[in-house]
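J.: Sequence first, predicted model second:
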Amino acid sequence: MDAADFSAVLSEVRRFVRDRVVPLEAEIDEKDEMPADIREAAKKMGLFGFALPEEYGGLGLSMLEEAQLMFELGYTTPSLRSMFGTNNGIAGHVLMVGGTEEQKAQWLPRIASGDVLASFALTEPEAGSDPSTLTTKAHLDGDDWVINGAKRYITNAPLADVFMVFARTDPDAPRTRGISTFLVPAGTPGLTVAPKDHKMGQFGAWTADVFFDDVRVPASALVGGEDGLNRGFGTAMGCIAHGRVHISSLCVGMAERLVDESVEYARTRRQSGKLIGSFQLIQGLIADSMTDYYAGRATVLEAARAFDAGTDTKIGPSCTKYFASEMVWRVADRAVQIHGGAGYMRGVAVERFYRDARLFRIYEGTSQIQQVIIAKALLGEAARG
């Protein structure tokens, strides 16, 4: 995107986030629901397709541009980003990376516009950090594929119009080589979405279990067509690598907000007749949080540049996801500490962000999984003993 146009997009999103969404954060958290007018405004701004190609109606942002956009979106409740993040990220990228031209033409314009909400159905009750162990199965029956299994914690499942479903299509193949991806529209007979999960935080972003009981889809639902058979695991990993930089950027945006909340409180809260900002121990907490935020922002931008260049699409995304998710958790913890008892009260922004931030160390690969990925990539055969 032209630099001037991109700058205008960032400015518009910043105004939208700070003027319209921030004032609604407490309401969104209490009601566990994103207001319909915010959803419609996000559609009009192109936020459901910012990372999708322009030829399909998206904004076509690079990873570096996307990271900067996420800094702005991360300043408010993460449920805003979750509303359209899957369309741009792991679900939309399934089609970008592995879809046929016909599948891209059929689905991507509607995903980019927000007319279709997509879900990424990979995680299972016993296949989370290691999705290669998934047990959902699909077999051919005539010209159709029949899917059976269950998925867990699927983002946007209660609202989704289509699911990108990963299922084992070759039970005899090595674990990572016998998995395929299917486009399964909501409402397909045999597909059931459970009631939404009641989570610790990130209210307004809905997840739920999804069940497949003899769900029948045509051969055209196989992502990538015949060439996509048994290639689903590679597709998933490519999408998740992009998602790790995406989530890291969100963490940086939240860290900026937490620093601002901490500074503002220290500037106005008095204790023993003095502003608490005059206490050196409070100053130390704020300095540590600002340093964490600064380092996280630099790490994300470097990872995004390398991702765009194609020079690092594995270690960089894992490093930045590991650092940024742990970083925002530290910043959130300090923010609560700076606020003292007030930071433990519902209705105070830092209490809500403390709950919201905890999830970042888990999804898109836990911190421990990132450690394993980084170490194995560096050590090679030595990591296997």
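T.: Everything's here; your move. Residues are numbered from 1 along each chain as shown.

J.: CA atoms for contacts and neighbours, from now on please.
T.: Will do.

J.: Sketch out the low-pLDDT regions of the stretch 51-200 of the chain for me.
T.: Scanning the stretch 51-200 of the chain for pLDDT under 70 picks out no residues.

J.: any chance you could map the strands in it?
T.: Per DSSP state E, counting those that start in this stretch, the stretch 51-200 of the chain carries strands over the ranges 118-121, 137-141, 144-155, 162-168, 179-185, 191-193.

J.: Out of the ones you listed, flag the one nearest Glu12.
T.: Judged by CA to CA, the one of the strands of the stretch 51-200 of the chain that comes nearest to Glu12 is strand 118-121, at 25.0 Å.

J.: follow-up on the earlier one: compile the strands of the stretch 51-200 of the chain into TSV and extend it with columns for mean neighbour count and distance to Val336.
T.: Compiled in TSV, those are given as follows (neighbours: other CA atoms under 10 Å; distance: least, CA to CA, whole Å):
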stretch	mean neighbour count	distance to Val336
strand 118-121	28	33
strand 137-141	18	45
strand 144-155	22	28
strand 162-168	25	38
strand 179-185	26	42
strand 191-193	19	36
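
J.: Ok, which of those strands comes nearest Val94?
T.: For Val94, the closest of the strands of the stretch 51-200 of the chain is strand 162-168, at 7.5 Å, according to CA to CA.

J.: The closest one versus strand 144-155: what angle between them?
T.: Angle, strand 162-168 to strand 144-155, by axes from the mean of the first three to the mean of the last three CA atoms, to 10 degrees: 110 degrees.

J.: Glu102: which of the strands of the stretch 51-200 of the chain is closest?
T.: For the strands of the stretch 51-200 of the chain, distance to Glu102 was read as CA to CA. The smallest value, 12.6 Å, belongs to strand 179-185.

J.: so where is the stretch 251-385 of the chain shaky, pLDDT-wise?
T.: Looking at the stretch 251-385 of the chain by pLDDT under 70, you get an empty list.

J.: hmm, try it at 80
T.: Across the stretch 251-385 of the chain, the ranges flagged by pLDDT under 80 are 385.

J.: ranges for the strands of it?
T.: Using DSSP E, counting those that start in this stretch, strands in the stretch 251-385 of the chain cover 270-271, 274-275.

J.: Adding distance to Ser278, write the strands of the stretch 51-200 of the chain out as JSON lines.
T.: Listed next are those as JSON lines, based on distance: least, CA to CA, whole Å:
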{"stretch": "strand 118-121", "distance to Ser278": "48"}
{"stretch": "strand 137-141", "distance to Ser278": "62"}
{"stretch": "strand 144-155", "distance to Ser278": "44"}
{"stretch": "strand 162-168", "distance to Ser278": "53"}
{"stretch": "strand 179-185", "distance to Ser278": "57"}
{"stretch": "strand 191-193", "distance to Ser278": "53"}
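
J.: so which of those comes closest to Arg257?
T.: Closest to Arg257 of these is strand 144-155 (CA to CA; 24.1 Å).

J.: The closest one pairs with which strands, parallel or anti?
T.: strand 137-141 (antiparallel), strand 207-218 (antiparallel) (DSSP bridges).

J.: for Gly204, phi and psi?
T.: Backbone dihedrals for Gly204, given as degrees, to the nearest 10, come out at phi 100, psi -20.

J.: What is the neighbour count of it?
T.: Gly204: 22 surrounding residues under other CA atoms under 10 Å.

J.: for Gly58, what are its contacts?
T.: Residues near Gly58 by CA atoms under 8 Å, 6 or more residues apart in numbering: 46, 48-52, 109, 112-113.

J.: Now go through those and say which are in helices.
T.: In this view, those that belong to helices under DSSP state H are 109, 112-113.

J.: Make a ChimeraX selection of whichever of the residues you listed turn out to be buried.
T.: To isolate the buried ones among the ones in helices among the contacts of Gly58 in ChimeraX, judged by 16 or more other CA atoms under 10 Å, type:
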select :109,112,113
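
J.: Dump the ones in helices among the contacts of Gly58 into TSV; add distance to Met237 as well.
T.: Below are the ones in helices among the contacts of Gly58 laid out as TSV (distance: CA to CA, whole Å):
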residue	distance to Met237
Pro109	23
Ala112	22
Ser113	25
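
J.: of all the ones in helices among the contacts of Gly58, which comes closest to Glu27?
T.: Glu27 lies nearest to Ser113 out of these, by CA to CA, at 26.1 Å.

J.: And that closest one, how far from Ser62?
T.: 18 Å (CA to CA, to the nearest Å).

J.: Burial check on Arg15, number of neighbours?
T.: By other CA under 10 Å, 12 other residues sit near Arg15.

J.: that's a strand at it, yeah?
T.: No: according to DSSP: H, G, I helix; E, B strand; the rest coil, Arg15 belongs to no strand; its state is helix.
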